[in-house]
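Visitor: quick one, fold the following:
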Amino acid sequence: MPIKHIAELKVVLETLLFASTEPLTLEQMRGAFDEELGADMLRRALAELRDEWQNRGLELVTIADGWRFQTRREYQCYLQRINPEKPPRYSRAVMETLAIIAYKQPVTRGDIEEIRGVAVNTQIIKTLEQRDWIKTVGHREVPGRPALYVTTTQLLSDLNLRALDELPPLVELGNLVAPNPHTAQLDLTEES
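Guide: Reported below is the predicted structural model:
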């Protein structure tokens, strides 16, 4: 069915986004149509759709993984009463390790241990990998070729962020993480 008007396009996009259990990228949305739709046209329709959903309990947002509808933060307490869920609790060691990887990536286990001043338990890395918050992107060319860890788009999406530069500035975190001299070696940009 060819799309003739932007109003029609918005209805289709709304349907795709509500029916999807995962955020959708522009490319995925474009693939749902018979005709070739430009990225600008899709962005315009999504922007109008986002404006139309203002002042409602749901909002259309763009995050690292793409576009999705989500509950507005101010209404989550009502959902919590109907469907109480306890968020997973992570140890301080897990959160410190994740913060170091997020701000200093790519880092090795040795880098993390140097910053934290203690050995990194293998279970900490496994926990972060199982949650799909970190991944290995290569190995540092030093003796032992240790794995290099970076954060994933899943972490950004779980934090409701589009990019790493939306993380709070390091100044707010004190001197937990100093600049990494190896960061410039890898291009970590990803498309959303």
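
Visitor: list the buried residues for stretch 62-72?
Guide: For stretch 62-72, the neighbour count (16 or more other C-beta atoms under 10 Å) marks 62-69 as buried. C-beta here means a position set from N, CA and C on the backbone, and glycine is covered the same way.

Visitor: run through who's touching it.
Guide: 17-18, 20, 22-26, 28-29, 46, 53, 56-61, 79, 153-154, 156-157, 160-163, 190, 192 (C-beta atoms under 8 Å, 6 or more residues apart in numbering).

Visitor: hmm, back to that, would you turn the buried residues of stretch 62-72 into JSON lines with pLDDT and secondary structure?
Guide: Below are these laid out as JSON lines (pLDDT from 0 to 100; DSSP: H, G, I helix; E, B strand; the rest coil):
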{"residue": "Thr62", "pLDDT": "93", "secondary structure": "strand"}
{"residue": "Ile63", "pLDDT": "93", "secondary structure": "strand"}
{"residue": "Ala64", "pLDDT": "91", "secondary structure": "coil"}
{"residue": "Asp65", "pLDDT": "89", "secondary structure": "coil"}
{"residue": "Gly66", "pLDDT": "93", "secondary structure": "strand"}
{"residue": "Trp67", "pLDDT": "96", "secondary structure": "strand"}
{"residue": "Arg68", "pLDDT": "96", "secondary structure": "strand"}
{"residue": "Phe69", "pLDDT": "96", "secondary structure": "strand"}
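
Visitor: what's near enough to touch Gln76?
Guide: With C-beta under 8 Å, 6+ apart, Gln76 has no contacts at all.

Visitor: secondary structure class for it?
Guide: Under DSSP: H, G, I helix; E, B strand; the rest coil, the three-state class of Gln76 is helix.

Visitor: tell me the pLDDT at it?
Guide: According to the prediction, Gln76 has pLDDT 89.

Visitor: same deal with Val171?
Guide: Here, the pLDDT recorded for Val171 equals 72.

Visitor: any idea how far the residue nearest the centre of the chain is from Ile63?
Guide: Central residue check for the chain by C-alpha atoms, centre = their mean: the C-alpha nearest the mean position is that of Leu156, 2.1 Å away. Applying C-beta to C-beta, to the nearest Å, the value for Leu156 to Ile63 is 7 Å.
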